[in-house]
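S.K.: Just a sequence and a predicted model for now, questions to come.
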Amino acid sequence: MPLAENIGMAWWSPVKRGVLPIDGLRITRSLRQSAAKYTSTVDQAYDEVVAGCADATRPGAWIDQRIKSAYRELHDLGWAHSVEVWKGDELAGGLYGVAINGLFAGESMFHAERDASKVALMALVDLLDDGQHGRLLDVQWLTEHLGSLGAIEICRTDYLAALQRAMSVPLPAVWR
């Protein structure tokens, strides 16, 4: 049985979709200063990042055990990935999502320290900004927070065209 059927998940194709243009991330001077306090890694603390994103005390918490298990399986298969942000030896924040060719579909992000999730997004954009034209960073919904970082909303037709272009772009080297 396919994974999605096994856990009862569905794919949503909204009329408007949030994306962050790879060249559109807004980095303020204060964010750049915050970023200097952190280091970032990729796929070094995947389960811890998902646990941070799944924290039931967060407003709008939606990541339950079924979701965690499904994404763990996707990670084991090489599809789901995390970006971790560290303050010393402590996990300060991160994000996770699914990478397919030139698409990175972000699922969730969290921070335990100021600006750490934004720094994770900066690290992801750096990773995706490798000279390959046509990459797509899907952030799902345009929120006020993501909009302040440069995310925009595009119509379904434009999203599907961008998705088709992204499918012809190889994975970033770190995930090949």
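M.R.: Looks like it came in fine.

S.K.: Would you mind measuring the gap between the ends of stretch 46-61?
M.R.: One end of stretch 46-61 to the other measures 18 Å (Cα to Cα, to the nearest Å).

S.K.: Wait, Trp86 touches Tyr38, no?
M.R.: Yes - look at Trp86 against Tyr38 with Cβ atoms under 8 Å: they come within range, at 6.2 Å. The C-beta positions use only the backbone N, C-alpha and C, and glycine is treated the same way.

S.K.: Between these two, which contacts overlap?
M.R.: Ala92 (Cβ atoms under 8 Å, 6 or more residues apart in numbering).

S.K.: ok, Val15 - contacts?
M.R.: With contact taken as Cβ under 8 Å, 6+ apart, Val15 is in contact with 155-156.

S.K.: what's the pLDDT at it?
M.R.: Predicted confidence (pLDDT) for Val15: 90.

S.K.: what about Val50, which helix or strand?
M.R.: Here Val50 sits within helix 46-54, counting by DSSP states H and E.

S.K.: Summarise which helices and strands that helix is packed against.
M.R.: Applying 3 or more Cβ pairs under 8 Å, 6 or more residues apart in numbering; DSSP states H and E, one finds that helix 46-54 makes contact with helix 65-76, strand 80-87, strand 90-100, strand 103-111.

S.K.: tell me the mean pLDDT over it?
M.R.: For helix 46-54, the per-residue pLDDT values average out at 96.

S.K.: by how many degrees do that helix and strand 103-111 diverge?
M.R.: Here helix 46-54 points in a direction 70 degrees away from that of strand 103-111 (axes from the mean of the first three to the mean of the last three Cα atoms, to 10 degrees).

S.K.: Would you enumerate the residues in contact with the residue most central in space within the chain?
M.R.: For the chain, Gly106 is the residue whose C-alpha lies nearest the centre (Cα atoms, centre = their mean; 2.9 Å). Gly106 makes contact with 95-97, 124, 137-140 under the criterion Cβ under 8 Å, 6+ apart.
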